[in-house]
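Asks: build me a model from this:
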Amino acid sequence: MSFHGPTLSPVTLGSTPSAFTLWPHPFRQLSPAPSLDFSLSPSFLSRPYRAWLRPPLLPKPRLRPPSPSPLLRLRLQAGLFSAPGHSRRSQRRPRGLELAMGLPEERGRSGSGSRNESGSREEAGAGDRARSWSPPPEVRRSAHVPSLQRYRELHRSSVEEPREFWGDIAKEFYWKTPCPGPFLQYNFDVTKGKIFIEWMKGATTNICYNVLDRNVYEKKLGDKVAFYWEGNEPGETTQITYRELLVQVCRFSNVLRKQGIRKGDRVSIYMPMILELVVAMLACARLGALHSIVFAGFSAESLCERILDSSCSLLITTDAFYRGEKLVNLKELADEALEKCREKGFPVKCCIVVKHLGRAELGMGASPSQSPPIKRSCPDVQISWNQGIDLWWHELMQEAGDEFEPEWCDAEDPLFILYTSGSTGKPKGVVHTVGGYMLYVATTFKYVFDFHAEDVFWCTADIGWITGHSYVTYGPLANGATSVLFEGIPTYPDVSRLWNIVDKYKVTKFYTAPTAIRLLMKYGDEPVTKHSRASLKVLGTVGEPINPEAWLWYHRVVGAQRCPIVDTFWQTETGGHMLTPLPGATPMKPGSASFPFFGVAPAILNESGEELEGEAEGYLVFKQPWPGIMRTVYGNHARFETTYFKKFPGYYVTGDGCRRDQDGYYWITGRIDDMLNVSGHLLSTAEVESALVEHEAVAEAAVVGHPHPVKGECLYCFVTLCDGHTFNSTLTEELKKQIREKIGPIATPDYIQNAPGLPKTRSGKIMRRVLRKIAQNDHDLGDTSTVADPSVISHLFTHRCLTIQ
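Replies: Sure thing, here's the model as predicted:
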């Protein structure tokens with residue numbers, strides 16, 4: 001084995017694919033920053049495949065898929081193909097690496113369909129749900145990955161030669177010192193020792209320097225707008241350039257340093273979607289402190305719990321903010337949380353407060369973020385003040401210097417902690433590290449959204465969630481993008497707010513949640529179509545699988561049948577996209593997350609841990625690490641190992657069920673605990689929910705299991721109706737009939753409950769754990785602090801179904 005650079009001797013860490021060493025790529029320390037465009041730099045693809053892995057990644061023995069279940073046989077016999085991907089064609093035996101992992105062959109779509117005006121192919125005799133929507137020619141012409149064949153080449157390289165692939169990407173960033181040892185080391189097998197993942201350990205860099213300083217000084221983007229800020233009220237708007245953002249970050253870094261914050265310290269941030277939130281998190285990254293952002297919709301108890309778990313020494317918050325019509329006194333909640341911390345023996349040293357609603361009285365043309373006076377300022381909001389720890393942001397910033405030398409961090413130093421809830425136990429503090437996370441979010445952002453320099457990107461997620469971390473802050477900034485930062489909600493002051501903003505800023509790439517799409521669907525097409533939306537080029541979804549009906553509405557109405565939709569699957573723990581279409585390469589199937597991103601090696605396992613090939617359904621796992629994978633649960637590595645690696649040694653276990661169809665497309669079927677076993681048949685709650693919302697009367701649906709004396713488990717459905725429809729026995733029978741027709745008699749629900757609202761987290765996810773308790777009349781709900789509207793739970797308990805319908 002040889003390559004250009006220093007001669008190295010291979011070292012083997014283990015004898016399985018889950019424990020090995022990769023040698024470092026001799027990337028440069030400082031260089032100009034050309035575009036991360038593999039299509040322009042294909043040299044590594046033309047090289048012979050080398051045995052970088054010691055030992056090589058030999059696939060485990062695979063099994064033929066089990067024979068079809070009785071339900072699947074029923075559907076095959078009846079010709080019911082409600083979920084795309086089922087076919088009567090005989091199963092093909094996968095060939096080569098791509099097909100072994102379920103990747104598609106480069107071939108035409110099945111059926112004798114014809115192209116429609118949007119460039120998609122409609123299969124003969126199939127409806128919209130069975131269509132394959134190909135990227136429009138104008139998207140392909142400028143795409144970084146313009147074909148399925150090009151995708152396959154890049155993916156193969158990234159999986160077979162991760163050191164080569166990610167080493168080339170690492171060249172596009174600044175490293176104070178290069179990687180002195182193995183480029184990648186890891187162990188995924190709990191039976192062989194401690195679980196660990198290390199990318200470029202020993203190399204030093206700073207993510208803030210890479211996303212700000214280099215954009216300003218090397219890429220000459222100082223005058224480019226980094227963020228357009230759109231407040232809760234229409235007309236509250238401002239913008240900040242990369243140069244202005246760098247100055248503000250340096251100032252606040254000096255503020256934090258003066259308050260005693262040093263590398264490795266933890267800082268809690270509890271703020272709405274304002275520019276100071278971005279400044280605060282980047283300042284933490286600049287000086288090597290870990291930011292722990294807590295969504296501003298969380299309670300004081302939740303904030304306290306997170307501060308205590310990570311021992312945060314400083315809190316950053318705001319006075320108050322509006323979310324739609326609702327006034328949130330955030331400082332009051334922060335004070336309550338800090339008091340709880342003191343009662344538990346952990347006094348926080350300092351609380352820095354942004355005067356957000358008070359900008360008008362400050363004349364905040366001099367605001368640290370250049371934000372304008374807030375139209376709906378609320379001088380009557382009572383802000384308590386603790387002279388011992390409370391400090392005003394604007395006063396500290398006025399005294400701070402404009403320059404701050406970044407703290408150089410090891411690639412494996414922690415960057416941030418972000419808490420994610422499990423079905424049981426306290427929230428897990430997911431830890432992401434500097435180097436790998438930087439590479440992964442920059443690369444996923446560029447290719448998944450097909451980013452180009454002239455784009456205006458808008459991700460509607462709150463920065464308090466991983467989507468906001470990766471695709472509001474770090475990913476866009478790493479690519480020198482202009483983004484929209486939105487403080488409000490989709491329905492305030494009216495339901496056309498999102499499309500008004502799209503037109504206002506000429507948004508080209510738009511990324512939102514299926515929950516928001518379904519919400520806006522209820523109001524019809526007119527609030528969307530009265531706006532131009534001509535600037536839109538790519539649409540995206542995140543947070544949960546999108547049902548085909550919502551996908552089709554999003555594509556037809558919002559995207560005018562000309563915008564590819566990237567339906568992305570990933571997790572807080574993965575750092576970035578794992579399964580996703582690419583806008584210029586992937587024929588899209590409504591509801592499918594399509595194929596793995598670069599460096600991602602998925603597999604589907606049965607209950608025995610055996611890999612299934614071809615068409616299959618089971619546990620979704622990943623066979624090898626990618627740079628953005630979490631490294632541990634903060635303060636509890638044993639929980640990290642147990643949660644993600646114990647069930648199937650040698651694999652990262654997502655906890656999600658997945659189906660792979662005959663064309664290699666992946667379909668997320670929901671959390672494993674959302675799979676129902678009815679009379680010995682495994683049913684996907686997502687599939688039943690999709691069948692329910694196809695009915696014109698149903699706006700949203702959630703399905704959980706309920707104990708049954710004969711079947712073992714039966715289906716209990718909650719349905720939220722569209723305006724103008726009434727819940728009655730006739731509708732109940734129509735819904736049952738629809739499920740029987742779409743899925744089969746075995747899926748007929750025993751209970752259907754009218755649900756004017758569903759219990760959701762503040763990020764919009766349905767809390768099925770709570771719904772299962774309601775279905776069983778079990779009032780021991782556990783922690784419900786993340787429920788956006790607790791009154792919904794009481795209503796559902798009161799009106800729950802008492803008898804089988």
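Asks: only C-alpha atoms for contact and neighbour calcs from this point on.
Replies: Will do.
Asks: run through this structure and note the low-pLDDT ranges.
Replies: For the chain, the stretches flagged by pLDDT under 70 are 1-130, 360-380, 421-425, 673-675, 680-682.
Asks: what segments of the stretch 301-450 of the chain are helices?
Replies: With DSSP state H, counting those that start in this stretch as the criterion, the stretch 301-450 of the chain has helices at 330-343, 359-362, 393-398, 434-448.
Asks: format those as CSV; extra columns: mean neighbour count and distance to residue 747.
Replies: As requested, the helices of the stretch 301-450 of the chain are exported to CSV (neighbours: other Cα atoms under 10 Å; distance: least, Cα to Cα, whole Å):
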stretch, mean neighbour count, distance to residue 747
helix 330-343, 20, 45
helix 359-362, 16, 56
helix 393-398, 17, 57
helix 434-448, 24, 36
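Asks: can I get these in CSV with distance to residue 760?
Replies: Listed next are the helices of the stretch 301-450 of the chain as CSV, based on distance: least, Cα to Cα, whole Å:
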stretch, distance to residue 760
helix 330-343, 21
helix 359-362, 32
helix 393-398, 33
helix 434-448, 27
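Asks: centroid residue for this structure?
Replies: The geometric centre of the chain, computed from its C-alpha atoms, lies nearest to residue 467 (Cα atoms, centre = their mean), at 4.5 Å.
Asks: ok, now which ones touch that residue?
Replies: Contacts for residue 467 (Cα atoms under 8 Å, 6 or more residues apart in numbering) come out as 461, 542, 572.
Asks: closest one of those to residue 738?
Replies: residue 542 (27.5 Å; Cα to Cα).
Asks: number of nearby residues for residue 351?
Replies: Neighbourhood size, residue 351 [other Cα atoms under 10 Å]: 25.
Asks: and it, how far from residue 666?
Replies: Distance of residue 351 to residue 666, given as Cα to Cα, to the nearest Å: 46 Å.
Asks: follow-up on the earlier one: for the residue nearest to the centre of the chain, phi and psi?
Replies: phi -60, psi -40 (degrees, to the nearest 10).
Asks: tell me how far it lies from residue 475.
Replies: 10 Å.
Asks: residue 712 too?
Replies: Counting by Cα to Cα, the gap from residue 712 to residue 475 is 46 Å.
Asks: these two: which is more packed in?
Replies: Set side by side, residue 712 and residue 475 show more neighbours around residue 475, with 26 against 14, by other Cα under 10 Å.
Asks: helices and strands around the helix or strand where that one lies, which ones?
Replies: With elements taken from DSSP states H and E, the one containing residue 475 is helix 475-478. If contacts are counted by 3 or more Cα pairs under 8 Å, 6 or more residues apart in numbering; DSSP states H and E, helix 475-478 sits against helix 434-448.
Asks: what sits up against the next helix-or-strand element following the helix it packs on?
Replies: Heading C-terminal from helix 434-448, the first helix or strand you meet, by DSSP H and E, is strand 456-459. Contact with strand 456-459 is made by 468, 471-472, 476, 481-485, 505-512, as judged by Cα under 8 Å, 6+ apart.
Asks: again, only using 6 Å
Replies: Applying Cα atoms under 6 Å, 6 or more residues apart in numbering, the set of residues contacting strand 456-459 from outside is 482-484, 507-511.
Asks: so how far is that strand off the chain centroid?
Replies: Relative to the centre of its chain, strand 456-459 is centred 15 Å away, using Cα atoms, centre = their mean, to the nearest Å.
Asks: list the strands paired with it, with their directions.
Replies: Sheet pairing for strand 456-459, assigned by DSSP bridges, gives strand 482-486 (parallel), strand 509-512 (parallel).
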